[in-house]
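# sequence and predicted structure, then a few things I'm wondering about:
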There are 2 protein chains.
Amino acid sequence: MTISEIETPAILIDLDIMERNLRRVAGYAREHDLRLRPHTKTHKIPELGRRQVELGAFGLTVAKVGEAEVMLGSGTPDLLVAYPVVGRVKLERLIEVARRTRVTVALDSLFAARQLSDAARAAQVSVGVLAEVDVGMGRVGVAPGDELAQLIQGVERLPWLTVEGVTFYPGHIRDAGPEGEEQVGKLSALVEAMLAGLRKRGIQPKIVSGGSTPSLFHSHKVAGLTEIRPGTYIFNDKNTVLSGACTYEDCAAMIHVTVVSTARPGQIIVDGGSKTFSSDRLGAAGEATFGYFVDAPEAVFHKMNEEHGYVDIRRCRREFSVGDRLRVIPNHICTAMNLHEQVYGVRAGRVEQVWKVEGRGKLQ
Amino acid sequence: MTISEIETPAILIDLDIMERNLRRVAGYAREHDLRLRPHTKTHKIPELGRRQVELGAFGLTVAKVGEAEVMLGSGTPDLLVAYPVVGRVKLERLIEVARRTRVTVALDSLFAARQLSDAARAAQVSVGVLAEVDVGMGRVGVAPGDELAQLIQGVERLPWLTVEGVTFYPGHIRDAGPEGEEQVGKLSALVEAMLAGLRKRGIQPKIVSGGSTPSLFHSHKVAGLTEIRPGTYIFNDKNTVLSGACTYEDCAAMIHVTVVSTARPGQIIVDGGSKTFSSDRLGAAGEATFGYFVDAPEAVFHKMNEEHGYVDIRRCRREFSVGDRLRVIPNHICTAMNLHEQVYGVRAGRVEQVWKVEGRGKLQ
């Protein structure tokens, strides 16, 4: 199968760029003695999780129990569920996963910990816990200090659970440049103070887990950090480029679309909208554009409906006709992957792999 | 199965409200002698398409060939593909659908018409065409006047195609109130002039197809309109409420979520984010909120990541705990449905139906 035979809209993965991205981050983690547990929410494909483990990842990260079930297919020796699992049925499913591979759960409440302990005890299966702390993102996680210590001590008292350390997500750092470096410096000071506070209370976390893709290559500057969980780095996207953490040449995933209408002067409509790209806007910029047209960098992808992408071509030097195929680097590849039943791995113009996105839509 | 046994996040459909919505619009169409071809992109479930046909719909509308293939399962006698189908493989698939039910395609270019004619001729299967005209949305559709006449005359010369009329999508009318009424008046004048222009050129369209959910109940005021294609009305959503076309009591679809974190004062995190709701913002308002909390109307759903919904509860009168289940009316139910593998039809606290969303993710 050649690329032109793939029906659009479709996600194509450049296998050489992907492999380079995987090796770069595996090498960085090795060099700085950081444990790598990549977040698989980006690709959602067990075979790619397997490749990450082959290249040295300690284990894999998922957000939901349904994703954990899918990622068992990668053969990973370790799964981190970086999400508080709440609810009896979900916990029973999680424990089934924990019978088959080592499982750790990130959580920020004793309520979630007690439910997890009850499920683990009923099945007589041990589960690891990372105590989630908020380092500035303002999402989940208790405040560093007393609250964190109380959470850790509370979980330690619960049967069948072992506190392995602390975890945080520095998702508020979206800049890989000088501004990001400054934020990483602040983060490092905060983590250092947090760890000192825990030590004073006799708590010595074995794992200190952080790290997202934009701040990825600053991770070794964070005092006490032992583990990183980047996800997007396998493919990268426009958000990653704008953060400064990579260039467009490092973007392995492109969405191929076809021009379906040129009826309105100065505009083309392509056959991918929010059902193809997701309506995620750019992370940092206030700008509401939805992707980078590799074949027409001056094109402005300014609006979407579900099946229609509106592209302003008034500044483009080339012409467009109905039937033209165009390549787009999306704003956010993780949410785009979630919308596609399958994606294509390509090399030198040939389709080498057709992967089912097995983890797509695993909401529960 | 009771509602509380459904794992969150999940879409629940109130069957009584849905049935009332279906009957109301079927009655309106009958009363005003408008042909009803509901757009099935909202529900993506063949069984619900079948119900629409049972209640008097002439046929069903889809956006993509993959959706047409799925909707064959409804047993509909007629399918309108309201999207220009471009590409050889897609057209071969479309013709296979046209062997099994009557198919009409909306298009706005002779390029698309020629490709369609070639595919129809190769298979010796007739296909209907609606010429798409732009009435102010600025998406697809040629300008009314010469361009429209040329498109119609050009398509009429192509073998195996029959021009059945014209189609437009008044998606720019998002207000069901007085402002919308004024816009419908302008639309009516435009359509009247367009039809007069066509008549002067000897063209008398049999079908004049328009109509979206917000402007739905104004449709009979559009001169010459013979057909409506609303989609959202089966469930309705926050956008429909804000347009004035329905109230929250008419919203049949709710997304049930669970509180997973209360660690940050004044905020709860629920287990549904952009992977559950889509990141679609409100159509009309500039406001960036993502749904209406039925159990806490003062809650402000102001931010999402893929799996996290950030809810500001500072103005709420009630308390929240980890594990609480909450019901949310989403901004845009069509894009939310596309994210769920299955949805639950409920009546009086019991689950009566579990429907697979068969048309989800049919991008091609």
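Structure's in. What do you need?

# C-alpha from now on. contacts and neighbour counts both.
Will do.

# hey, where'd the helices end up in the stretch 51-200 of chain A?
A:65-71, A:88-98, A:110-123, A:146-156, A:178-200 (DSSP state H, counting those that start in this stretch).

# the closest residue to chain B within the stretch 101-250 of chain A - how many residues pack around it?
At 5.3 Å from chain B, A:V142 is the closest residue in the stretch 101-250 of chain A, using C-alpha to the nearest C-alpha. Per other C-alpha atoms under 10 Å in any protein chain shown, the neighbour tally for A:V142 reads 27.

# settle this for me: A:Q124 is touching A:D118, isn't it.
No: taking contacts as C-alpha atoms under 8 Å, A:Q124 lies outside contact range of A:D118: 9.6 Å.

# with neighbour numbers in mind, choose between those two.
Neighbour totals were compared for A:Q124 and A:D118, and A:D118 leads with 19 against 14 (other C-alpha under 10 Å).

# list the contacts for A:L195?
The contact partners of A:L195, by C-alpha atoms under 8 Å, 6 or more residues apart in numbering or on different chains, come to A:Q204, A:P205, A:G224.

# which element is the last one on?
If you go by DSSP states H and E, A:G224 is not part of any helix or strand.

# report how many residues lie close to it.
Around A:G224 there are 16 residues (other C-alpha under 10 Å).

# equivalent analysis for A:F290, please.
A:F290, neighbours per other C-alpha under 10 Å, totals 28.

# the stretch 201-350 of chain A: helices as residue ranges?
Counting by DSSP H, counting those that start in this stretch, the segments of the stretch 201-350 of chain A that form helices are A:238-243, A:274-277, A:333-337.

# will you turn these into a markdown table that also has mean neighbour count?
Output for the helices of the stretch 201-350 of chain A, formatted as a markdown table (neighbours: other C-alpha atoms under 10 Å in any protein chain shown):
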| stretch | mean neighbour count |
| --- | --- |
| helix A:238-243 | 23 |
| helix A:274-277 | 28 |
| helix A:333-337 | 25 |
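
# got a markdown table for those, with distance to chain B too?
Formatted as a markdown table, those follow (distance: least, C-alpha to the nearest C-alpha, whole Å):
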| stretch | distance to chain B |
| --- | --- |
| helix A:238-243 | 14 |
| helix A:274-277 | 7 |
| helix A:333-337 | 7 |
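
# tabulate these in TSV, adding columns for mean pLDDT.
Putting these into TSV (pLDDT from 0 to 100) gives the following:
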stretch	mean pLDDT
helix A:238-243	94
helix A:274-277	97
helix A:333-337	98
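
# adding distance to A:D312, write the ones you listed out as CSV.
Putting the helices of the stretch 201-350 of chain A into CSV (distance: least, C-alpha to C-alpha, whole Å) gives the following:
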stretch, distance to A:D312
helix A:238-243, 18
helix A:274-277, 17
helix A:333-337, 22
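
# of the ones you listed, which is nearest B:S219?
helix A:274-277 (27.3 Å; C-alpha to C-alpha).

# what packs against that closest one?
Contacts defined by 3 or more C-alpha pairs under 8 Å, 6 or more residues apart in numbering or on different chains; DSSP states H and E place helix A:274-277 against helix A:333-337.

# elements contacting the helix it packs on?
With 3+ C-alpha pairs under 8 Å, 6+ apart as the test, helix A:333-337 has helix A:274-277 packed against it.

# what sits against A:N239?
A:L282, A:G283, A:A284, A:N331, A:H332.

# of those residues, which is the most crowded?
Going by other C-alpha under 10 Å, A:N331 tops those with 26 neighbours.

# need the nearest residue in space to it, chain neighbours excluded.
Closest residue in space to A:N331, ignoring its immediate chain neighbours: A:K238 at 4.6 Å, by C-alpha to C-alpha, 6 or more residues apart in numbering or on different chains.

# surely the one you found meets A:V294?
No: A:K238 lies out of contact with A:V294 (C-alpha under 8 Å); the separation is 11.2 Å.

# got any residues that touch both of these two?
Here A:K238 and A:V294 share the contacting residues A:I329, scored by C-alpha under 8 Å, 6+ apart.

# what does the stretch 151-300 of chain A have sitting close to chain B?
Proximity of the stretch 151-300 of chain A to chain B, by C-alpha under 8 Å from any C-alpha of the partner chain, involves residues A:258, A:260-264, A:269, A:272, A:274-276, A:278-280.

# greatest separation within the residues you listed: which pair is it?
Within those, A:A263 and A:D280 form the most distant pair, 26.9 Å apart (C-alpha to C-alpha).

# got the domain ranges for chain A?
Using automatic domain parsing, the domain parsing of chain A gives A:3-9+A:245-356, A:15-235.

# any chance of those in TSV, with distance to B:R350 too?
Listed next are the domains of chain A as TSV, based on distance: least, C-alpha to C-alpha, whole Å:
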stretch	distance to B:R350
domain A:3-9+A:245-356	30
domain A:15-235	18
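
# which among those is found nearest to B:A348?
Comparing the domains of chain A against B:A348 with C-alpha to C-alpha, the closest turns out to be domain A:15-235 (22.8 Å).

# figure out the length between the terminal residues of that closest one.
Taking C-alpha to C-alpha, to the nearest Å, domain A:15-235 runs 10 Å from one end to the other.

# do the same with stretch A:355-364
Span of stretch A:355-364 from end to end, C-alpha to C-alpha: 22 Å.

# and the contacts of it?
Contacts of stretch A:355-364 with the rest of the structure, by C-alpha under 8 Å, 6+ apart, involve A:41, A:43-46, A:64-67, A:70-71, A:90, A:337-345, B:7-9, B:272, B:275-276, B:307, B:339-341.

# let's go with 6 Å and repeat that
A:K44, A:I45, A:G66, A:E67, A:V70, A:N338, A:E341, A:Q342, A:V343 (C-alpha atoms under 6 Å, 6 or more residues apart in numbering or on different chains).

# any idea of the mean pLDDT for that stretch?
Mean pLDDT, stretch A:355-364: 97.

# how far off centre is it?
14 Å (C-alpha atoms, centre = their mean, to the nearest Å).

# again, but for stretch A:323-332
Using C-alpha atoms, centre = their mean, the offset of stretch A:323-332 from its chain centre is 21 Å.

# select the longest strand from chain A.
strand A:253-261 (DSSP state E).

# now the most centrally placed residue in chain A, nearest residue through space, not along the chain?
The centroid of chain A falls nearest to A:G231 when counting by C-alpha atoms, centre = their mean (3.3 Å). Spatial nearest neighbour of A:G231, chain neighbours left out: A:H39 (4.3 Å); criterion: C-alpha to C-alpha, 6+ apart.

# what residue ranges in chain A score low on pLDDT?
A:284-286 (pLDDT under 70).

# pretty sure A:R327 is in contact with A:H256, am I right?
Yes: counting by C-alpha atoms under 6 Å, A:R327 touches A:H256, with 4.5 Å between them.
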